[in-house]
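Colleague: what follows is a protein structure lacking sequence information:
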Ligand code: XMP
């Protein structure tokens, strides 16, 4: 069920994303949400999939008031079973589980109420769909019609005869369901009559207004930037709203990529006009990392030192501003918010680096998170609209602990220099081959072991660089990128020739799971 819970978040999160791609505003709420506590009235509700069986004693159920709202409801997978459970408990364990592709046959009911056929309106009668379920409907609930079947699921799609109430056994949110987005569009636009007015142009205007109202005419904000897309977009948005009353701080921790600090500094100040202070704390970080090999210790040291340095710098800014700084900017995105939504309460898996605000509690700063409603793809569109250079907008993610968790042994200035150079060559070649946007994340890691090699006519005993490049949409699962041999040969040749101390290059072909994206 833990794996299932993880997949639930993943799939449900995709439903929200697909609706946003249709420019329809959607929020993901936990199933414990009481309709009476909602401050707005939804135009429609989608009940998502989940790892439980509706007949389990501990199965989560939606607020029954959902069914009294008189608005269209679409149940997906577990959501279909939840509807059936609500209308007569006709759900049982399937005789076999079904995962993967299936062919859906659509049944139209021309003599029934027109809403019955609306979910599959305009689509072919046979559709490729993606199934992932163990339970299925044993019988059709009373007053429902079958609107789709597969060879293994006689009730793969159902609709209520009078009300706009639908259930589908397959997942329309995954790309393997070829017409999934059209089905969601039929639901959201045709049936719920949602307006398709959720755009990033509109978001900029309303968010700038909101920031100005929250911060007030003289209020000031501080925030850390890392050179990544989220913190840069958040910073630029803040700058657009309150100009130099926003103070950005870039901490050089000594384990950033080659020339990164310099490049970020130039882009943010000269290019984007952001009021930025760069703090070179590289020696402080590197001296604390001396002798440390354990990856979690490295993370802790870097995290804690970051907070110390940031706090020092923030106090300086506050002193200089006469104590007028009240807000701390964070680039939190919607997936981080979703991650903490669970009917069991906040998830224990929320990453520690999202809790910087909490650790600065003694400074009594209020959090301001202008991106907390957005998905990464929306942040990228927003960044482009705000004039942030393409290179930065499409940057691969980079972990807070930086190169320190890509050096598998002790982090010394010499090891950092080797890892940086190799990484730079790899990324440079990926860009030159036009592959950067196709790959989700790529980097070089430095292994703490030595191998024998022959350089010129000399025998050497040098280190090994491991290259990692993955494709992923959500960073929770990932596949390695299939480079051609010629490309890898070129990168390996350049690294062993140009990076002193390295005599071998290997390419990591492990999927996630079981491997993680980073090596540590
Ligand atoms: P893994 O290695 O868990 O990585 O498959 C998934 C994504 O998270 C990033 N990552 C981190 N980011 N601090 C961060 O800010 C960390 O400690 C950290 N560890 C992993 C990783 O780069 C990948 O994008």
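Modeller: Thanks, I have it. Keep in mind that what you see is a predicted model, and the values were worked out from it rather than measured.
Colleague: please count neighbours and contacts with C-alpha atoms only from this point.
Modeller: Will do.
Colleague: next, the buried residues of stretch 56-64.
Modeller: Across stretch 56-64, burial judged by 16 or more other C-alpha atoms under 10 Å covers 60, 62.
Colleague: other residues contacting it?
Modeller: Applying C-alpha atoms under 8 Å, 6 or more residues apart in numbering, the external contacts of stretch 56-64 come out as 31, 32, 33, 34, 35, 52, 53, 54, 82, 343.
Colleague: how far does that stretch sit from its chain's centre?
Modeller: Stretch 56-64 has its average C-alpha position 28 Å from the chain's average C-alpha position, going by C-alpha atoms, centre = their mean, to the nearest Å.
Colleague: list the contacts of the residue of the chain most remote from its centre.
Modeller: Distance from the C-alpha centroid of the chain, by C-alpha atoms, centre = their mean, peaks at residue 457 (49.2 Å). Residues in contact with residue 457 (C-alpha under 8 Å, 6+ apart): none are found.
Colleague: need the residues of the stretch 401-520 of the chain near the ligand, please.
Modeller: 401, 475, 516, 517, 518 (C-alpha under 6 Å from any ligand atom).
Colleague: same check on the chain?
Modeller: 397, 398, 399, 400, 401, 475, 516, 517, 518.
Colleague: what about 5 Å?
Modeller: Residues of the chain lying close to the ligand by C-alpha under 5 Å from any ligand atom are 399, 400, 516, 517, 518.
Colleague: kindly write the ChimeraX command that selects the buried subset of those residues.
Modeller: Selection command for ChimeraX covering only the buried members of the residues of the chain next to the ligand, criterion 16+ other C-alpha under 10 Å:
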select :399,400,517,518
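Colleague: before we move on, back to that, would you list the buried entries among the contacts of stretch 56-64?
Modeller: Of all the contacts of stretch 56-64 considered here, the ones buried according to neighbour count by 16+ other C-alpha under 10 Å are 35, 52, 53, 54, 82.
Colleague: for the last one, which non-adjacent residue is spatially closest?
Modeller: Meaning residue 82. Spatial nearest neighbour of residue 82, excluding adjacent residues (C-alpha to C-alpha, 6 or more residues apart in numbering): residue 54 at 6.3 Å.
Colleague: tell me the SS of the one you found?
Modeller: Remark: residue 54 carries the secondary structure label coil [criterion: DSSP: H, G, I helix; E, B strand; the rest coil].
Colleague: quick one on the thing from earlier: biggest separation within the buried ones among the contacts of stretch 56-64, which pair?
Modeller: Largest separation among the buried ones among the contacts of stretch 56-64 by C-alpha to C-alpha: 35 and 53, giving 22.9 Å.
Colleague: residues in a beta bridge with the nearest residue to residue 45 once chain neighbours are set aside, which ones?
Modeller: If you skip the residues right next to it in sequence, residue 45 has residue 73 as its closest partner in space, 4.9 Å away by C-alpha to C-alpha, 6+ apart. Beta-bridge pairing of residue 73 under DSSP bridges involves residue 45, residue 165.
Colleague: and the gap between residue 73 and the ligand?
Modeller: As defined by C-alpha to the nearest ligand atom, to the nearest Å, residue 73 lies at a distance of 34 Å from the ligand.
Colleague: do you know the pLDDT at that residue?
Modeller: pLDDT recorded at residue 73 is 98.
Colleague: give me the neighbour count for it.
Modeller: Number of residues near residue 73 (other C-alpha atoms under 10 Å) recorded here: 27.
Colleague: how about it, what does it touch?
Modeller: Residues touching residue 73, when contacts are defined by C-alpha under 8 Å, 6+ apart, comprise 44, 45, 46, 47, 164, 165, 166.
Colleague: of these, which is the most crowded?
Modeller: Neighbour max across the contacts of residue 73 (other C-alpha under 10 Å) = residue 166, 28 neighbours.
Colleague: lowest-pLDDT helix or strand in this structure?
Modeller: helix 356-359 (a mean of 47; mean pLDDT, DSSP states H and E).
Colleague: so after that one, what's the next helix or strand?
Modeller: For helix 356-359, the succeeding helix or strand toward the C-terminus, using DSSP states H and E, is strand 366-368.
Colleague: tally of neighbours for the closest residue to residue 364 other than its chain neighbours?
Modeller: Counting by C-alpha to C-alpha, 6+ apart, residue 326 is the residue found nearest to residue 364 once chain neighbours are left out, at 7.6 Å. Neighbours of residue 326 under the rule other C-alpha under 10 Å: 17.
Colleague: just the ones of the residues of the chain next to the ligand in helices?
Modeller: Secondary structure defined by DSSP state H assigns none of the residues of the chain next to the ligand to helices.
Colleague: including distance to residue 104, could the residues of the chain next to the ligand go into JSON lines?
Modeller: As requested, the residues of the chain next to the ligand are exported to JSON lines (distance: C-alpha to C-alpha, whole Å):
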{"residue": "399", "distance to residue 104": "42"}
{"residue": "400", "distance to residue 104": "45"}
{"residue": "516", "distance to residue 104": "35"}
{"residue": "517", "distance to residue 104": "35"}
{"residue": "518", "distance to residue 104": "39"}
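Colleague: quick one: which of the residues of the chain next to the ligand is nearest to residue 420?
Modeller: Nearest to residue 420, judged by C-alpha to C-alpha, of the residues of the chain next to the ligand is residue 399 at 14.2 Å.
Colleague: show the pLDDT at that closest one.
Modeller: Among the per-residue scores, residue 399 shows a pLDDT of 95.
Colleague: quick revisit: what does the pLDDT read for the residue farthest from the centre of the chain?
Modeller: Looking at residue 457, its pLDDT reads 87.
Colleague: was I right about residue 212 contacting residue 241?
Modeller: Yes: with the criterion set as C-alpha atoms under 8 Å, residue 212 and residue 241 qualify as a contacting pair; they are 6.2 Å apart.
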